[in-house]
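Student: Kindly return the folded structure for what I paste below:
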Amino acid sequence: MYGFVAIIMLTGIIKKNAIMGTMPIAVGYGAGGEARQPLELCVVGGLITSQLLTLYITLVYYVYLDKAARYAGRLFGRKAGAPARAEVG
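Tutor: Next comes the predicted model:
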């Protein structure tokens, strides 16, 4: 579980660096910046959207799935943290 969270956080750090690296072009700074500005605004918008989805929405989704699994476990009589029994035979 913690390895998955570490990968998601690393992804966020990399995306943040990519956003900050493309901001001068998105602002239109430099020679020919006016021509590249619309494309870079789309790139920055996509990076921000994907970062929000990855860092916040996905983690909230997994928290709700965990709560639902615990509720289903209580509902059907399994103790929290107990592994499911495999049928042999």
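Student: List the buried residues for stretch 25-36?
Tutor: Across stretch 25-36, burial judged by 16 or more other C-beta atoms under 10 Å covers 25-26, 36. C-beta coordinates here come from the backbone N, C-alpha and C atoms, glycine included.
Student: Kindly check the end-to-end length of that stretch for me.
Tutor: With C-alpha to C-alpha, to the nearest Å as the measure, stretch 25-36 spans 7 Å from end to end.
Student: In this structure residue 50 contacts residue 16, no?
Tutor: No: using C-beta atoms under 8 Å, residue 50 makes no contact with residue 16, being 11.4 Å away.
Student: Next, check the buried residues of stretch 25-36 against the helices and list the overlap.
Tutor: Under the assignment DSSP state H, those contribute 25-26, 36 to helices.
Student: what's the closest of these to residue 59?
Tutor: Of all those, residue 59 sits closest to residue 26, with 27.1 Å by C-beta to C-beta.
Student: Any stretches of the protein with poor pLDDT?
Tutor: 1-5, 8, 78-89 (pLDDT under 70).
Student: I figured residue 54 hits residue 14, correct?
Tutor: No: taking contacts as C-beta under 8 Å, residue 54 lies outside contact range of residue 14: 10.5 Å.
Student: which one of those two has more residues nearby?
Tutor: residue 54 (15 against 12; other C-beta atoms under 10 Å).
Student: Determine the three-state secondary structure at the more buried one.
Tutor: helix (DSSP: H, G, I helix; E, B strand; the rest coil).
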